[in-house]
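>>> Okay, sequence plus prediction incoming.
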Amino acid sequence: MSNFIHVLTDNWDIIGPHFWTTIKLFLFAGIGSLVLGTLLTAMRVSPIPALRAFGTSYVLLVRNTPLTLVFALLVFAAPKLGLNIDYVPTARVALIAYTSAFVCEVLRSGINTVPVGQAEAARALGMTFTQVLGSIVLPQAFRTVVPPMMSVLNAMLKNTTIAAGFSVAEAGAIQAYLSERSENQIYVLLWVAIGFLILVLPLIFTQRMLERRWRVAR
Amino acid sequence: MKITRIAAVAAVATLALGLAACGKEGTPTPQTPAGASSGAATGDACTSSGVSLTPASGVSIAGSPTFDKIKAAGKVVVGVKFDQPNLGYKDASGKRCGFDIEIARLIASKLGIDPAKIEYKEIASANRETAIKGGEVDYYVGTYSITDKRKADVAFAGPYFIAAQDLLVRKDDTSITGSDSLKGKTVCSATGSTPIQRVRDQKLTDKIVEFKTYSECVSQLIDKKVDAVTTDDAILKGYAAQNPTLLKVVGKPFTDPATGKPYPEKYGIGLPHDDKALRDFVNASLETAESDGTWQKIYDGTLGKSGSPATAPKLEKY
C-alpha cells in the first residue's frame, strides 16, 4: 500500500503538471467544441441550403474519422503542405474539430424535441431566424440534452489522452515517463485512472445541478 | 420548394465531393508516422550482414526454465524493435534486419534454434520489463540499456554494444554542433526517455517535443517542425544512413556536466530475472561471438554501414 502511495508522491513532479495540461486542454476544447457545435447546429437548421449542406457534410465527414487520424493529419500531413502549427494548438484544434461534430448531433436531437408550435409562434411574432433559434429554440434544446451533452464532454475528456501521442505532455504520457523511472506500471495506470475519475466528478455535479435547475421549465 | 430541395441536394453533393476529394488528397499522408519507416523502406529493403548462422545441436542448459520452455516449443520468442533502421527494423515486405536482430539470431542459433524459427514480438520500450517478467518473450534484444533499476526486474547479458547520446540534424544545418548549441532549437525524442530528460535537466533548450517513436521525430525533423532528434548514436546513425542526403549525425556525444564524461548506454540482452543459467549461457555465447569475429562481421554488415567503426565491448558478467 505504501508503495502505491509512493508512486504518486515520488512522481508528483510528473503527474501534477501532466494532469494540469489535461485540464487546460479539456477546458479549451470543451468551450471551443460547444461553440463550434452550436454554430454547426445553427447551420444545419438554417434556411440557407448551402449552410445546411456544409453542416451536414462536416458532421458526416468528421464524425466518421477516427480522432487519431485527425491528429495525424494535422501533425504529419499539414507540415508537408507548409502549415506549421505548434503541438498544443494542434491538439486543441483536433479535439474541437472532432468533438463539435458530436455536440452538433446532440444539440440537433434536442432541437427535434422542441414543439414546432414554439418556432411558429416566434415567427408569428415577427422574430428573425437568429432570434427564433437564439431565444426560443436553442435554450429549450439545451435543457433537454444535458445528459447526452455531458457524455460527449466526458468522452472528450478521455479523448485528450490521444494528444500524448502527438507531443502534448498530458496525462496520457505519464505512463511513459514513469516507466522510464521503472515504477510499477499497474500502480501508475491506477493513479492515472483515479486522476480521471476525479476530473469526471465536476462534470457529474454540473450535470446534476443543471438538470435540477432546468427541470421546471417545461 | 422542390427546386430548393434539389439545389440543397446538389450543394451537399458538391461539398461532400469536394471534402471527400480533400480527404483523399490527405489520405497518403496520415500513413506518415508508419510511412516514415515503411516509406523510407522502399529504397531501403532489408539486407543481411551475410553472417551465416547454423543452429547448435545438443544444447542443454541445466536449471534454466526459460530454455526448457524454448526446447519444448521448438521455437524462441524474441522481443525486438521494428522501427530502427540498421538496428531493429522490419522492411515493407516484412523482412527483419539490423544489428540487434542479428544478435538475436545469433543467440537463437547458439540455443540450438534455427534463426528462421524465431517468433519476433514488437515490444515498445515502456513495456519491456512487463513483457520479460510476464514470460511474453524469452529474451529481448532492442537497444535495451543496462541499468541498476531495471536489474531489479529483469536480468541482462552483455553489454553487446555501448552507445552514447548524440544529435541527428538536417544535413544543411550547421548551427547545431553539439549539446551546447541547442539553445532556442526544438529537440525531439521518445516520450519520457532518458535522453530528453537530460536535455530538460541540463536546461539545454525549452523547446522539447516528444513522440512515441523516433521515426515520428525523424519525420518531423525532415518537415522542419523540429531541429534535432536526440537519443543513442546507434539509433541516429541508422536513420542518417537511411536518408544520407537529408540527415546527418552531429557526432559529439552528450557529456555529464559533473564528470565531463559521456553517458554510456550499455545495450544488454534482457532475460528473465531469476534465470541465471540462461544468463551465463548467453554471456558465454556473446563472448565466443566476440572472439571469433562474428560480432565484428555483424556490426560491419549493419550499423557499420553508416561509416563509423566500433569494436566489441567488454562483457559485464554478474
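Here it is on my side, so go on. Numbering: from 1, shown residues only, chains lettered A, B, ... in the order given.
>>> What residues does chain A have near chain B?
A:49-50, A:52-54, A:56-58, A:60-61, A:65, A:69, A:72-73, A:75-77, A:79-80, A:84, A:87, A:164-167, A:169, A:173, A:175-182, A:185 (CB under 8 Å from any CB of the partner chain). C-betas here are computed from N, CA, C, even on glycine.
>>> Who are the packing partners of the helix or strand where residue B:119 lies?
Using DSSP states H and E, residue B:119 falls within strand B:118-122. Judged by 3 or more CB pairs under 8 Å, 6 or more residues apart in numbering or on different chains; DSSP states H and E, strand B:118-122 is in contact with strand B:76-80, helix B:99-110.
>>> residues of the helix or strand following that strand that come out buried?
Toward the C-terminus, strand B:118-122 is succeeded by helix B:128-133 as the next helix or strand (DSSP H and E). Buried positions in helix B:128-133, judged by neighbour count with 16 or more other CB atoms under 10 Å in any protein chain shown: B:128, B:129, B:130, B:131, B:132.
>>> Give the residue spans of chain B that score low on pLDDT.
B:1-44, B:306-308 (pLDDT under 70).
>>> In it, which strand is the longest?
Counting residues, the longest strand found in chain B (DSSP state E) is strand B:154-170.
>>> For that one, which strands pair with it and how are they oriented?
Using DSSP bridges, strand B:154-170 pairs in its sheet with strand B:228-232 (antiparallel), strand B:247-249 (antiparallel), strand B:264-272 (antiparallel).
>>> For stretch A:168-181, the averaged confidence score.
Taken as a whole, stretch A:168-181 carries a mean pLDDT of 88.
>>> export that stretch as PDB, just CAs?
Extracted C-alpha coordinates of stretch A:168-181, given in PDB (Å, rounded to 0.1, in the frame of the first residue of the first chain):
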ATOM      1  CA  VAL A 168       1.500  17.100 -25.800                       C
ATOM      2  CA  ALA A 169       2.700  16.400 -22.300                       C
ATOM      3  CA  GLU A 170      -0.600  15.400 -20.700                       C
ATOM      4  CA  ALA A 171      -2.000  12.600 -18.500                       C
ATOM      5  CA  GLY A 172      -1.700  10.100 -21.300                       C
ATOM      6  CA  ALA A 173       2.100  10.500 -21.300                       C
ATOM      7  CA  ILE A 174       2.500   9.800 -17.600                       C
ATOM      8  CA  GLN A 175       2.900   6.100 -18.100                       C
ATOM      9  CA  ALA A 176       5.800   6.500 -20.500                       C
ATOM     10  CA  TYR A 177       7.600   8.800 -18.100                       C
ATOM     11  CA  LEU A 178       7.200   6.700 -15.000                       C
ATOM     12  CA  SER A 179       8.100   3.600 -16.900                       C
ATOM     13  CA  GLU A 180      11.400   5.200 -17.600                       C
ATOM     14  CA  ARG A 181      11.700   5.700 -13.900                       C
END
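>>> which bits of the stretch 151-300 of chain B sit near chain A?
B:152-153, B:188, B:190-194, B:197, B:209-212, B:216, B:219-220, B:223-225.
>>> Narrow those to those in helices?
The helices, defined by DSSP state H, take in B:194, B:197, B:216, B:219, B:220 from those.
>>> The first one reaches residue A:182, doesn't it?
What that stands for is residue B:194. No. Counting by CB atoms under 8 Å, residue A:182 is not a contact partner of residue B:194; they are 11.2 Å apart.
>>> Next, count neighbours for the residue in the stretch 51-200 of chain B positioned nearest to chain A.
Proximity of the stretch 51-200 of chain B to chain A (CB to the nearest CB) peaks at residue B:192, 3.5 Å away. Neighbours of residue B:192 under the rule other CB atoms under 10 Å in any protein chain shown: 22.
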